[in-house]
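Participant: Would you be able to build a 3D model of this:
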Amino acid sequence: MPSSKPSPNRRRLLGATACLGLSCACGAAFAWPTDDYASPPGQDPPPEEAAQGDIACSWSASYGGAAGPGPQLFSSTGNPMLDQGMTLEHAILSQTFGVRPGLFMLNDGNQGNAFATTAILGNHSFPHGTVVFGMTLMMEEFMKAGPMGGRADHAMMGILAHEWGHILQFMNVKARPPGKAMELHADGLAGWYMGMRAMQLAQWNPVDLRTTMLSFFGKGDYAFNDPSHHGTPQERVQAFQGGLQAVHQGASLPSFFQQSAAWHGLPL
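Facilitator: Numbers count the residues shown, from 1 in each chain. Predicted coordinates:
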């Protein structure tokens, strides 16, 4: 049974940065759907077989659902405050997007990654697939945001919104080509969500949109001939900003979803 506890180095970093993103245990932090896990309390789900279903790897193609051993999943970040926040954000994301995937942490090795899939990983009871967030990716977000005084948890919130966007795509986009069209569409949906959260929290816990956009910028690439090309850094930020602009103009999520899908040539 894999351990849910991070390594000593990760524990030290999590302890040192816990106050960065969670000085207020509020909706801008994160959330974890622990009540719906089928695993016994304090235990992680067993390693999964490869996902059978649609999959969107937001940040890299390091896991593609091929035959063989699947992802090693965890039911905790290793930080109780971050877990509590993730549980709350899971509920808000699910209510906002109208889809309810399961959520787990992932052993993503040396390459930070997150992905969404229609497959039910981790033996959970949520109806709309699974979102996983890499432990390495989480650590990368804290290490990048810390020196700038940024909110790593808000960057993580944006990444999760991108993955919820993929789940919504799976249910509504008729043809889902690989490459940047799906990714940039999901970036825009993440921007809409973060703009909505920024307006909700403006008076008492401002959302750190700068750190979130820098995170998206850093995940762009220039591999134009690669089928897994996700868009250039500039394209990813522009898509995110398109979502921000839409929500500030009063666009609903369904209307922006349709409009942005048309921009990116995704048939609904």
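Participant: Next, the contact list for Ser260, please.
Facilitator: His185, Gly188, Leu189, Ala239, Gly242, Gly243, Ala246 (CB atoms under 8 Å, 6 or more residues apart in numbering). Backbone N, C-alpha and C define where each C-beta goes, glycine included.
Participant: repeat that with 6 Å
Facilitator: Contacts for Ser260 were tallied using CB atoms under 6 Å, 6 or more residues apart in numbering; they are His185, Gly188.
Participant: and if you look at Thr212?
Facilitator: Contacts of Thr212 (CB under 6 Å, 6+ apart): His154, Ala155, Gly158, Met194.
Participant: The first one should be in a helix, yeah?
Facilitator: Spelled out, that is His154. Yes - under DSSP: H, G, I helix; E, B strand; the rest coil, His154 falls within a helix.
Participant: ok, now how distant is it from Val132?
Facilitator: 20 Å (CB to CB, to the nearest Å).
Participant: send the alpha carbons of stretch 214-233 over as CSV?
Facilitator: Taking Å, rounded to 0.1, in the frame of the first residue of the first chain, the C-alpha atoms of stretch 214-233 are listed here in CSV:
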residue,chain,number,x,y,z
LEU,A,214,2.6,33.1,-14.7
SER,A,215,2.0,29.4,-14.0
PHE,A,216,0.0,29.0,-17.2
PHE,A,217,2.7,31.0,-19.2
GLY,A,218,5.3,28.6,-17.9
LYS,A,219,3.4,25.5,-19.1
GLY,A,220,3.4,26.7,-22.8
ASP,A,221,5.7,25.1,-25.4
TYR,A,222,6.9,25.6,-28.9
ALA,A,223,6.7,22.0,-30.1
PHE,A,224,4.5,23.0,-33.0
ASN,A,225,4.8,19.6,-34.8
ASP,A,226,4.2,17.5,-31.7
PRO,A,227,0.7,16.1,-31.4
SER,A,228,0.8,16.9,-27.7
HIS,A,229,1.6,20.6,-28.3
HIS,A,230,-0.5,22.6,-25.8
GLY,A,231,0.0,26.1,-27.2
THR,A,232,2.8,28.7,-26.8
PRO,A,233,3.2,30.5,-23.5
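Participant: What mean pLDDT does it get?
Facilitator: What stretch 214-233 shows for mean pLDDT is 85.
Participant: For it, buried residues please.
Facilitator: Neighbour-count burial for stretch 214-233 flags Leu214, Ser215, Phe216, Phe217, Lys219, Gly220, Asp221, His229, His230, Gly231, Thr232, Pro233 (criterion: 16 or more other CB atoms under 10 Å).
Participant: What of stretch 173-193?
Facilitator: 173, 176, 180-193.
Participant: quick one: pLDDT of Gly85?
Facilitator: Gly85 is given a pLDDT of 88.
Participant: Give the burial count for it, as a bare number.
Facilitator: 26 (other CB atoms under 10 Å).
Participant: so how far is Ile92 from it?
Facilitator: 11 Å.
Participant: now Leu82
Facilitator: For Leu82 relative to Ile92 (CB to CB), the value is 16 Å.
Participant: helix, strand or coil for Pro127?
Facilitator: Assignment for Pro127 (three-state DSSP): coil.
Participant: Use 58 as the first number for this chain going forward.
Facilitator: Yes, from this point I'll number from 58; that puts the last item at Pro184.
Participant: For the closest residue to it other than its chain neighbours, which three-state class applies?
Facilitator: In this structure, Pro184 finds its nearest non-sequential neighbour in Arg157, 5.9 Å apart by CB to CB, 6 or more residues apart in numbering. Classification of Arg157 by three-state DSSP places it in coil.
Participant: out of the buried residues of stretch 230-250, which are inside helices?
Facilitator: 237-250 (DSSP state H).
Participant: Can you tell me which of those is nearest Glu198?
Facilitator: Ala247 (14.0 Å; CB to CB).
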